[in-house]
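Chemist: Predicted model, plus sequence, below.
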Amino acid sequence: MKDKLRKSSSDKSISGVCGGIAEYFGISSLAVRLIFIFLPANILIYLILTNTMSENPPSL
């Protein structure tokens, strides 16, 4: 079973949404960022994900 979709704590540009999605699917965060650039409702989707995705727990 995969982990929950969470914001990245290590790969952050703005809030860690794209880094978290990239870690979840095992792809490059640059690819996820490029997908967000070309989506028609990119700002709305990003804002919703920023507010709904939980933070990654801090690691030691």
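Modeler: Good, I have the coordinates.

Chemist: now the helices for this structure?
Modeler: Listed in chain order, the helices of the chain (DSSP state H) span residues 17-25, 29-38, 42-52.

Chemist: C-alpha coordinates for the first one, CSV please?
Modeler: Put plainly, it is helix 17-25. Presented in CSV, the C-alpha positions along helix 17-25 are these (Å, rounded to 0.1, in the frame of the first residue of the first chain):
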residue,chain,number,x,y,z
VAL,A,17,2.6,20.4,-3.6
CYS,A,18,4.4,19.5,-6.9
GLY,A,19,7.2,17.9,-5.0
GLY,A,20,4.7,15.8,-3.0
ILE,A,21,2.9,14.7,-6.1
ALA,A,22,6.2,13.8,-7.7
GLU,A,23,7.3,11.7,-4.7
TYR,A,24,3.9,9.9,-4.6
PHE,A,25,4.0,8.9,-8.2
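
Chemist: could you say what helices and strands that helix packs with?
Modeler: Applying 3 or more C-beta pairs under 8 Å, 6 or more residues apart in numbering; DSSP states H and E, one finds that helix 17-25 contacts helix 29-38, helix 42-52. Where C-beta positions appear, they are placed from N, C-alpha and C, glycine not excepted.

Chemist: for it, what is the average pLDDT?
Modeler: For helix 17-25, mean pLDDT is 91.

Chemist: And for the longest one?
Modeler: Per-residue pLDDT values over helix 42-52 give a mean of 92.

Chemist: Let me see the contact set for the residue most central in space within the chain.
Modeler: Centroid-nearest residue in the chain, with C-alpha atoms, centre = their mean: residue 17, separated by 2.4 Å. Taking C-beta atoms under 8 Å, 6 or more residues apart in numbering, we find residue 17 in contact with 7, 46, 49, 50, 53.

Chemist: if we can go back for a sec, between the helices and strands packed on helix 17-25, which gets nearest to residue 11?
Modeler: helix 29-38 (5.1 Å; C-beta to C-beta).

Chemist: Mind listing what's buried along that closest one?
Modeler: 29, 32, 33, 36 (16 or more other C-beta atoms under 10 Å).

Chemist: do the same with stretch 7-26
Modeler: Quick answer for stretch 7-26 (16+ other C-beta under 10 Å): 7, 8, 15, 16, 17, 18, 19, 20, 21, 22, 23, 24.
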